[in-house]
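Participant: Please find the sequence and the predicted model below.
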Amino acid sequence: MAHTSPHKTGNPKKTQKGFISGSTAPEQKLSMRVVEESGQPLQSTFNRTKGSPFGLFEDDAAERLQRLGPNEVAHDKAPHALVQLFLAFKNPFVIVLLLLAAISFVTDVYLVAPDERSWTGITILVTMVVISSFLRFFQEYRSNKAAERLKSMVRTTATVLRRTTDAANPSRQEIPMRDLVVGDVVSLQAGDMIPADIRLLASRDLFISQAVLTGEALPVEKYDTLGAVSQKSANAEVDTQADLLDLSDICFMGTNVVSGTATAIVVATGANTYFGSLAKNVVSHKRIETSFDRGVSSVSWLLIRFMLVMVPIVFMINGLTKGDWMSALTFALAVAVGLTPEMLPMIVSANLAKGAMAMARRKVVVKRLNSVQNFGAMDVLCTDKTGTLTQDKIILERHLDINGQKDESILQLAWLNSFHQSGQKNLMDIAIVSHADERGPSAKLMQYRKIDEMPFDFVRRRLSVIVEEQDGAQLMVSKGAVEEMLAVCTHIQEGNDIRVLDDDARTALLEKSQEYNEEGYRVLLVATRAINAADAKAQYKTEDEANLIVRGFLTFFDPPKDSAAPAIRALQDYGVAVKVLTGDNAIVTLKVCRDVGLDPGTPLVGAEIEAMSDEQLGEAVKYTTIFAKLTPLQKSRVVKALQANGHTVGFLGDGINDAPALRDADVGISVDSGADIAKETADIILLEKSLMVLEEGVVKGRETFGNILKYLNMTASSNFGNVFSVLVASAWLPWEPMLAVHLLIQNLIYDISQMMLPWDKMDEDFLKKPRKWDAGNIRRFMIWIGPTSSVFDITTYILMWTVFGAGAMFAADGGNAGQSIMNSGWFIEGLVSQTLVVHMLRTRKIPFIQSTAALPVLLSTTLAIAIGCYLPYSPLAESIGFVALDKSYFYWLIATMIGYMILAQTVKTIYIRRYGQWF
């Protein structure tokens, strides 16, 4: 067999979604087992691995697995629990709190006399850090454990040869990829992941995608012969990654088979593979930052910048008006704590974990937690057609000659092709074999034996098998897409007559094919070429697919799924546009799309896309629903064009040809029965192939995001209101409206009440539209809603100063009695209003009347209010500077809260009317 030189893969620096960067320093020497094996005699490899062409004995394989460990790389596992605990403290808000605790230690303990030292502030700050970080750790540890259990439901397997007692009669077995050991002999076909570093023993037209290591889109050819690149000495060292990946008889863990077949022996597993060495170098592979990550980061730094601006202002005003700069510093630090949303990491983790668990109950495996929110943000779903919109089972309806008449010989030829092909049998191959089984022996030409094959690929779009009769004459049987088959045919057969395939005959065949397409059938053309004994050979290449004779048609019925039409309607109701990206014929796709309720419009085919610039394609995808006859890379281009237009794009696919689009989509969705590379690339795996779970996933994603936004908006607006109130009070009152310790206690109680927000529900109208991060809206929300609470904070100052005598006491003796009354009154009012704001802001509707929070939120906020009202009357009151208030205070408090709720609802209504959105 003639071989082309492998494509140069280069050494790109960029890391794409789901990819390990392939860059290594040029001076780094790569002396690895695979290099030592490349180009050496096969017996040398068998000796080193203690293997054989017949595979390992079961007992030997079990012993090696026990001794060498599972075939896994470092980044496949969640970090150790202690590492996760450390990472839970690695957060800007926690770092701010720890910094404030250190300053508090200096000001409250180190710089003061022993009898004046106060550990209260430090204790509260450390408590907040511990609660926030440990809750985050608990949520993430639990979700990682759950994710591992869910991932175990998605089986990625390898086909190996194993022996029991008969040394020369191995059996072919499917085993979990993690159980693979050095010396195993594996079989590979299109769609398979390369399960370890392997050396090829035999191969046929084997093309490997190494994009996972290099980012290079084009597959490279690998073969078992000793090519120039592979001719290295036993102890040679490879200088660059490009040289290593050019080894023609070596395939690397993590890459995947695009086309062809092979048998290979495993020479390295797990951490000893090239993929594993890269994983060790970077400790744990960091995926590209998603829109969710960027959103959390942008909002977090918005709040931190706000704090860095406001805290110095509070410090300066208090220092200038009160003259006590140490007290002003302590109070400013407490304000900084109040402005720090330290529960944000825990709220985010809890919401994502809760969403993933809810989806798991519907047999949806979430491989990456952030994809839950991306699922909800999705506003365009691109889907393959076959097996997604249509059922898994394709039915062979008719086998016809070139005139459209039923012809049994066409079924016989199709059976020869489908039965003898060794690649990944697609649904049409299965349908042909099943139909022949139903017809019995007459449909099967058993006198032939297989000689060779040219596997299917997505460029040729055909598959050829060469079989031989007892007299040595050979027959090439090809089937494939109509246009691609006609490109290699020169004649047609009508009955026993063979004539030239002229333009008229070609047009007639295309018209006949289109008729079948318009009826909703998928069409394949069958062609043959007789090879006499003198021209027969043992191996063929794709160039031999020439001078074929058209024999007839195969028509397949691919019925739509029952769930497809209602699922598409539901997605459209939730603001998700559905687009179909398929390698199939445009006419068939149009028929299927109409059947499932999609308005197909004018389709765009792969040849047209190939001729377009990125700008032209970006314009075309705005108005196109159906993209037909696409190659895998064209699917990816369409996804990227939609993203460039500002869409959050999901892609649903299950085949090897879907892998690039799954990789590039914001959220890749596959199914458990899909190709290994599709499952490996996807973010979300459907264990059941019902499309209705997509709607539920969208809803859960939006619920998850909505509850995160609730916390951010509530905290940001409440904190802004508190700071605004503090600025007014600091400029007017002769002492701080609350002591620093009061602010810390208030913030601690409020934060604990927020822990139940992940269990809240969202209003139906919020779920109807895709949602994205919008730091600008949070800033606007904060400025609009925050001052509403300040209005009633100021009325409380006046109330405590006049009605409850704080002003009179200050005028009488200037002592602390008036301050204690002021502090106690504002503490209760501030905590109650801050907690009530949860119910006011969690919905755009009227709280308690049109929309009520979930029971856990009702209980947590009620408990927070009860604790806040009790503190000034508790045994701790005197030690923290509170005094018991007259019972009439609570009548004023109720009136104040009613006024606050009316004003907040009014401002909320104006805000919604003006900006058209709430969160």
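Facilitator: Here it is on my side, so go on.
Participant: which one's the longest helix in this protein?
Facilitator: Longest helix in the chain, counting residues (DSSP state H): helix 692-732.
Participant: could you check the angle helix 692-732 makes with the helix or strand just after that one?
Facilitator: As assigned by DSSP states H and E, the chain's next helix or strand after helix 692-732 is helix 740-753. Counting by axes from the mean of the first three to the mean of the last three Cα atoms, to 10 degrees, helix 740-753 points 170 degrees away from the direction of helix 692-732.
Participant: And the contacts of helix 740-753?
Facilitator: 118, 120-121, 124-125, 127-128, 131-132, 330-331, 333-335, 337-338, 342-343, 718, 738, 823, 827, 830-831, 834-835, 838, 860-861, 863-864, 867-868, 871, 880-882 (Cβ atoms under 8 Å, 6 or more residues apart in numbering). (Glycine included, C-beta is placed from N, CA and C.)
Participant: Are any of those residues buried, and if so which?
Facilitator: Among those, those classed as buried by 16 or more other Cβ atoms under 10 Å are 118, 120-121, 124-125, 128, 131-132, 330-331, 333-335, 337-338, 342-343, 718, 738, 823, 827, 830-831, 834-835, 838, 860-861, 864, 867-868, 871, 880-882.
Participant: Among those, which ones are in helices?
Facilitator: Going by DSSP H, the helices hold 120-121, 124-125, 128, 131-132, 330-331, 333-335, 337-338, 718, 823, 827, 830-831, 834-835, 838, 860-861, 864, 867-868 from the buried ones among the contacts of helix 740-753.
Participant: For the longest helix of the chain, what is the distance to the chain centroid?
Facilitator: Chain-centre distance of helix 692-732: 25 Å, with Cα atoms, centre = their mean, to the nearest Å.
Participant: can you check stretch 421-438 too?
Facilitator: With Cα atoms, centre = their mean, you get 33 Å for stretch 421-438.
Participant: do the same with stretch 87-102
Facilitator: On Cα atoms, centre = their mean, the centre of stretch 87-102 falls 29 Å from the chain's centre.
Participant: What backbone torsions are found at residue 266?
Facilitator: phi -80, psi 130 (degrees, to the nearest 10).
Participant: nope, residue 526 is what I was after
Facilitator: Dihedral angles (degrees, to the nearest 10) for residue 526: phi -110, psi 130.
Participant: from what I can see it touches residue 412, true?
Facilitator: No - between residue 526 and residue 412 there is no contact under Cβ atoms under 8 Å: 9.9 Å.
Participant: Out of the two, name the residue with the larger neighbour count.
Facilitator: The neighbour comparison of residue 526 against residue 412 (other Cβ atoms under 10 Å) goes to residue 526, with 29 against 19.
Participant: in the sheet, who's paired with that one?
Facilitator: Beta-bridge pairing for residue 526 (DSSP bridges): residue 479, residue 552.
Participant: so what's it up against?
Facilitator: By Cβ under 8 Å, 6+ apart, the neighbours of residue 526 are 410, 413, 414, 417, 477, 478, 479, 550, 551, 552, 553, 554.
Participant: swap in residue 222?
Facilitator: For residue 222, the contact set (Cβ under 8 Å, 6+ apart) comprises 6, 200, 203, 206, 207, 208, 248, 249, 250, 251, 262.
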